[in-house]
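> please work out how this folds:
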Amino acid sequence: MSETPLQAAAPRDSSGPRPGLRERNKARTRHAIRSAAMSLFEKQGYAATTVAQIADAADVSHTTFFRYFQSKEQVVLSDDLDDVRDELMRSIEPGLGRFDLVRRLITELYRAGSDDEWASNPDRFRLIQTEPALVTAQQTQADQALIEMRGFIADYLGVPADGLGLRVFIAASAGVLFHVVGHTGDGEIPTLEECLEALDLLEAGLPV
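Numbers count the residues shown, from 1 in each chain. This next block holds a predicted model:
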């Protein structure tokens, strides 16, 4: 997201048009708020840091903070890559089976997310894994992402989104990626190879 492999974001196309001045200014403000927040979290802890302190350290008003982030949790959890994530999913060619489709999603989104400085920030990932409030908030966000992903996979495969088979498949895949690979508890970002190996074991019937 920490993005799990299913939530990891694709990078923006560096060959595309340069963002306008307004977009660049917004990006600088987001970066300033995130940098100030991470610095404060490191110095005094996540729980002890307030929105007011973050805004003051980033040299923005309280109102400006909430214009960019809904909460302190979202400073850490959110990214700016929803549009490119959607575009990447739209670009997947038809005809893949369910496991190959998930492999493609994992591979493309993971590699792309690794190219994004904020999405792949190891301090951010470690904070999300270890701070109780963020663990809870991230799980809620992951559950919503799974609902959206289920709709995409259902449309791609041409099956009902509420069908038991698809729901079990998504739950099993997510369980492998979220809990076996993505939540080892050591604060390390899982590798793409670990994600794909875990999915291979699921497809093979979970040999031990």
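
> low pLDDT regions in the protein?
Applying pLDDT under 70 to the chain flags residues 1-18, 181-187.

> longest helix of it?
With residue count as the measure and DSSP state H as the assignment, the chain has helix 132-157 as its longest helix.

> mind listing what's buried in the following helix or strand past that helix?
Read in the C-terminal direction, the helix or strand following helix 132-157 is helix 164-175, with elements assigned using DSSP states H and E. If you call a residue buried by 16 or more other Cβ atoms under 10 Å, then helix 164-175 has these buried ones: 166, 169, 170, 173, 174. Yep, even glycine has a C-beta here, placed from its N, CA and C like the rest.

> neighbours around the residue nearest to the second one when sequence neighbours are not counted, how many?
Setting aside the residues directly before and after it, residue 169 is nearest to residue 98 in space (Cβ to Cβ, 6 or more residues apart in numbering), at 6.1 Å. Residue 98 is surrounded by 17 other residues when neighbours are defined as other Cβ atoms under 10 Å.

> for the one 4 residues further on, same thing?
Residue 102 is flanked by 26 other residues according to other Cβ under 10 Å.

> residue 35 now?
Neighbours around residue 35, by other Cβ under 10 Å: 14.

> name the element residue 194 belongs to?
helix 192-203.

> which residues are in contact with that helix?
For helix 192-203, contacts defined as Cβ atoms under 8 Å, 6 or more residues apart in numbering pick out 5, 99, 102-103, 106-107, 110-111, 114, 172-173, 176-177, 180-181, 207.

> go on, stretch 29-39?
Under Cβ under 8 Å, 6+ apart, the answer for stretch 29-39 is 49, 54-55, 57-60, 64-65, 68-69, 72, 75-76, 80, 118, 121, 123-124, 127.

> switch to 10 Å and redo it
46, 49, 51, 53-60, 64-65, 67-69, 72, 75-76, 78-80, 117-118, 121, 123-124, 127 (Cβ atoms under 10 Å, 6 or more residues apart in numbering).

> hang on, isn't the residue nearest to residue 169 packed against residue 158?
No. Residue 98 is beyond contact range of residue 158, at 11.2 Å (criterion: Cβ atoms under 10 Å).

> in three-state terms, label residue 54 for me.
Look at residue 54: counting by DSSP: H, G, I helix; E, B strand; the rest coil, its state is helix.

> farthest pair within the contacts of helix 192-203?
114 and 207 (28.9 Å; Cβ to Cβ).

> these two: who's more crowded?
Under the neighbour definition other Cβ under 10 Å, residue 114 and residue 207 were set side by side, and residue 114 has more, 15 against 6.

> that one reaches residue 189, doesn't it?
Yes. At 8.5 Å, residue 114 counts as touching residue 189 under the criterion of Cβ under 10 Å.

> report the two of the buried residues of helix 164-175 separated the most.
Put simply, by Cβ to Cβ the two of those set farthest apart are 166 and 174, 12.1 Å from each other.
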